[in-house]
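A.B. asks: All I have is the shape, not the residue letters:
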């Protein structure tokens, strides 16, 4: 095998930080290479250097044996690199083909040749088994397909090295399996794949070799076939990690959150939540979460979970039905009233909703607590009490932050999430809504956050957990509701749940079909 | 001792870092751009700039600068509280004009002792400004018209309504000036120490006629103290009240504030009311303190609202920053006029410099590499404080 890509001694310093410390990475042609490491280990910095977003302080990049300097992503793309980011960079109002050729349009007599573009895109798609319609508008497509568009975009620019940043975060197990087939086909075709992920199972299933980063250095290099998940985890964290949560000890208590026949609209007026399903007498979603239990909602992104949770939290109007928190009808109540009724909420998007990036840690930890003692006395904010409380929470939740005055926008995903969790859980409310609580955070932080959520349940809290991560739902929840196209289509006790059945239900199979495919008890 | 020394050293370091930062560098580069413009006009900038500094800071200069700074700072603080909350009030001019109009009506018609009339006129002006601002707020919160647009457009009805009243029903008969009659002497906002008071005479004898302090106390009126009190109040509200805390967070991330339980509709309306009230107050203080009558187009012609907007931008909405940059812009204007008088350089040059400062700050011109105080590469990269950071920032590039 020939070496396709070689990074030698890559070093990158930021003020007070050594983000990459003499990192060597060698990837062979046709190889699927997994890059692993906790948040802050230096993976993203390394890939940004490779893609021309940053300049290294030291070290060199060699592509097919030739030393390269990438001043911008444009140089990197021209040299044959392609990157698929976590957040897709597509124009929603354009078609698949238009998105793919954007910036390198096919032309005929000086004018854009749409048909030609569609033909070329269809040819690439067919060659690697990427099923999609080149003429479809991007905003009509599910995320799994959008990702394929991103991959085709890179292939259209003839990328010989394809970098994927956590590509499965938004996919169902079945979609992820499809992606793996595509990636294997690309590798067989001689293309080189670098795959950044937190998920050990995917690394074991897909990669040829693994490079693990820790604290800006290479902690270990392994051949996947000769290692196991535990060894990789130890290389990442320096210790053994247990992700198996303990089951609830007792029976759930009284009902804390009750939804009856709730329907919710999306921005464009379509019904996002509603449309029958199990447990509802009419057309909306009905569910209950009781004290001391964790109810999980599984579903592929975009099937109404986000809208449902926003409606419960008071950020989106409820069209019909009722929501009760602690017995109080809060269907039309403001966010503040819901919070007073006993709701805490960890939102899906910690950057856009859960924090203010330009505000400091103290302010981010104080919002929502700032109208009660000890932060408010005689109508005035107690700044010293705010700082003191922030210090306590930083300590208790092991938030890695230089101090309470640090702006949270500078924190890594895992630490930012701890800020959100610390603020919400210190409300000591009876209800916690946790939406994608561990998305994009590293394994050490996942272990910590799962511990906090189960401890809250054992204390008698009611938890509504929404997650695209089936393993998370299966290990934490006592009951699992599956959402598809806005409706709860199945309820499965965790003890009887398995990944393939849930995956089929998430993809829209009826409980009967899922049962036939995989014998298991479904309610 | 050693810790004190260390503290001194960090202070020095931080000061140096600030001096190499966007604000001072932008000001210097903007002055350089101004120098080029002066040279193009055929005048030696090394003659023009000194007369600008002299005009702003010597003789009557400090008094003039403070006089100009008062409405500029007032408008800037009105805008700063709105911008800090993420509310883009571009209608401060209209709110100021209506405040001036309402205050004038009170001053012209209300009987009673002067100080009482002044207070009532100020309250009426604040109410007028607040209502006009609230109209823009309600258009946004109930009908989705962005405040940016509605407040900007509402400037025109305010301006021309007031213009109509001054041209026709309120116009002083027989006067060649398009203006209302003069307001009575006792409803004018007095100077800090009026020249004809016992104190004023005593000061003149002890300090001499040309003393800067004397000129300040004679020519600057109580509006300055009112504006300083407003700034102090804003500092207090921002820092010590839950509402001020919420505004600050809403300005940084509205969805975060909403999610945290802040009633954002009420916040927008409240913010516009405060912003409009301060604008209205500035309007009436200009009438009762400087012009003593409402002159057609005078409040608009001064451009205070837009200068205030630039000052708020330069100060990044911080009240202390508003004081400093408001005084700086006032000095630029006063100096520019002096330059025009002595060297024939158009006083509009100071506006060129003002605009250049703001544009350069937006570009965030810094000197980090020259002075090696910071090693940020990549222009978009926010300050990075720890390792953890570096990684995640990149992820979001």
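C.D. replies: Arrived safely, thanks for sending. Keep in mind that this is a model prediction, so the values were computed, not measured. Numbering: from 1, shown residues only, chains lettered A, B, ... in the order given.
A.B. asks: what's the domain layout of chain A?
C.D. replies: Domain segmentation of chain A under automatic domain parsing yields A:3-237, A:242-342+A:429-523, A:356-428.
A.B. asks: now these as CSV including mean neighbour count and mean pLDDT?
C.D. replies: In this view, the C-beta of every residue, glycine as well, is placed from N, C-alpha and C. Shown next, in CSV, are these (neighbours: other C-beta atoms under 10 Å in any protein chain shown; pLDDT from 0 to 100):
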stretch, mean neighbour count, mean pLDDT
domain A:3-237, 19, 85
domain A:242-342+A:429-523, 20, 83
domain A:356-428, 20, 89
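A.B. asks: Now render the ones you listed as TSV, adding distance to residue B:181.
C.D. replies: Formatted as TSV, these follow (distance: least, C-beta to C-beta, whole Å):
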stretch	distance to residue B:181
domain A:3-237	60
domain A:242-342+A:429-523	51
domain A:356-428	45
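A.B. asks: Kindly reformat those as a markdown table containing distance to chain B.
C.D. replies: Formatted as a markdown table, these follow (distance: least, C-beta to the nearest C-beta, whole Å):
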| stretch | distance to chain B |
| --- | --- |
| domain A:3-237 | 4 |
| domain A:242-342+A:429-523 | 4 |
| domain A:356-428 | 4 |
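A.B. asks: sec struct for residue A:11, please.
C.D. replies: Following DSSP: H, G, I helix; E, B strand; the rest coil, the label given to residue A:11 is strand.
A.B. asks: so what's it up against?
C.D. replies: A:18, A:20-23, A:56-59 (C-beta atoms under 8 Å, 6 or more residues apart in numbering or on different chains).
A.B. asks: next one: residue A:82
C.D. replies: A:151, A:153-155, A:157, A:159, A:161-163.
A.B. asks: for the domains of chain A, which one sits closest to residue B:271?
C.D. replies: Evaluated with C-beta to C-beta, the domains of chain A place domain A:356-428 nearest to residue B:271, the distance being 16.7 Å.
A.B. asks: what about the closest one, start to end distance?
C.D. replies: 22 Å (C-alpha to C-alpha, to the nearest Å).
A.B. asks: Stretch A:424-440 too?
C.D. replies: OK, stretch A:424-440 end separation, C-alpha to C-alpha: 19 Å.
A.B. asks: Check the offset of that stretch from the chain's centre.
C.D. replies: Relative to its chain's centre, stretch A:424-440 lies at 16 Å (C-alpha atoms, centre = their mean, to the nearest Å).
A.B. asks: Now residue A:287. Nearest residue, chain neighbours left out?
C.D. replies: Computed as C-beta to C-beta, 6 or more residues apart in numbering or on different chains, the closest residue to residue A:287 that is not its neighbour in sequence is residue A:259, at 5.0 Å.
A.B. asks: returning to that earlier point: which one of the domains of chain A lies closest to residue B:240?
C.D. replies: Of all the domains of chain A, domain A:356-428 sits nearest to residue B:240, with 4.8 Å by C-beta to C-beta.
A.B. asks: Once you drop chain neighbours, what's closest to the residue positioned nearest the centre of chain A?
C.D. replies: In chain A, the C-alpha nearest the mean C-alpha coordinate belongs to residue A:439, at 3.6 Å (C-alpha atoms, centre = their mean). Nearest residue to residue A:439, sequence neighbours excluded (C-beta to C-beta, 6+ apart): residue A:169, at 6.3 Å.
A.B. asks: quick one: contacts for the one you found?
C.D. replies: By C-beta under 8 Å, 6+ apart, the contact list for residue A:169 reads A:86, A:439-440, A:468.
A.B. asks: what's the most distant pair in these?
C.D. replies: Within these, A:86 and A:468 form the most distant pair, 12.7 Å apart (C-beta to C-beta).
A.B. asks: Can you give me the end-to-end span of stretch A:27-43?
C.D. replies: Stretch A:27-43: ends 15 Å apart by C-alpha to C-alpha.
A.B. asks: what does stretch B:162-179 give?
C.D. replies: First-to-last residue span, stretch B:162-179, C-alpha to C-alpha: 11 Å.
A.B. asks: Likewise for stretch B:178-196?
C.D. replies: 30 Å.
A.B. asks: Show me the contact partners of it.
C.D. replies: Stretch B:178-196 has contacts (C-beta under 8 Å, 6+ apart) with B:104, B:107-108, B:113-114, B:117-118, B:121, B:166-167, B:170-172, B:175, B:199-201, B:203-204, B:216-225, B:285, B:287-289, B:292-296, B:298.
A.B. asks: Buried only: go through these for me.
C.D. replies: Neighbour counting over the contacts of stretch B:178-196 (16 or more other C-beta atoms under 10 Å in any protein chain shown) leaves B:104, B:107-108, B:114, B:117-118, B:121, B:166, B:170-171, B:200, B:203-204, B:216-224, B:285, B:287-289, B:292-296, B:298 as the buried ones.
A.B. asks: Moving C-terminal from the helix or strand harbouring residue B:312, which element do we reach first?
C.D. replies: According to DSSP states H and E, residue B:312 maps onto helix B:304-314. As assigned by DSSP H and E, the chain's next helix or strand after helix B:304-314 is helix B:319-343.
A.B. asks: quick one: contacts of the following helix or strand past that following helix?
C.D. replies: As assigned by DSSP H and E, the chain's next helix or strand after helix B:319-343 is helix B:349-363. For helix B:349-363, contacts defined as C-beta under 8 Å, 6+ apart pick out B:22-23, B:25-27, B:29-31, B:33-34, B:37-38, B:52, B:307, B:310, B:313-314, B:329, B:332-333, B:335-337, B:339.
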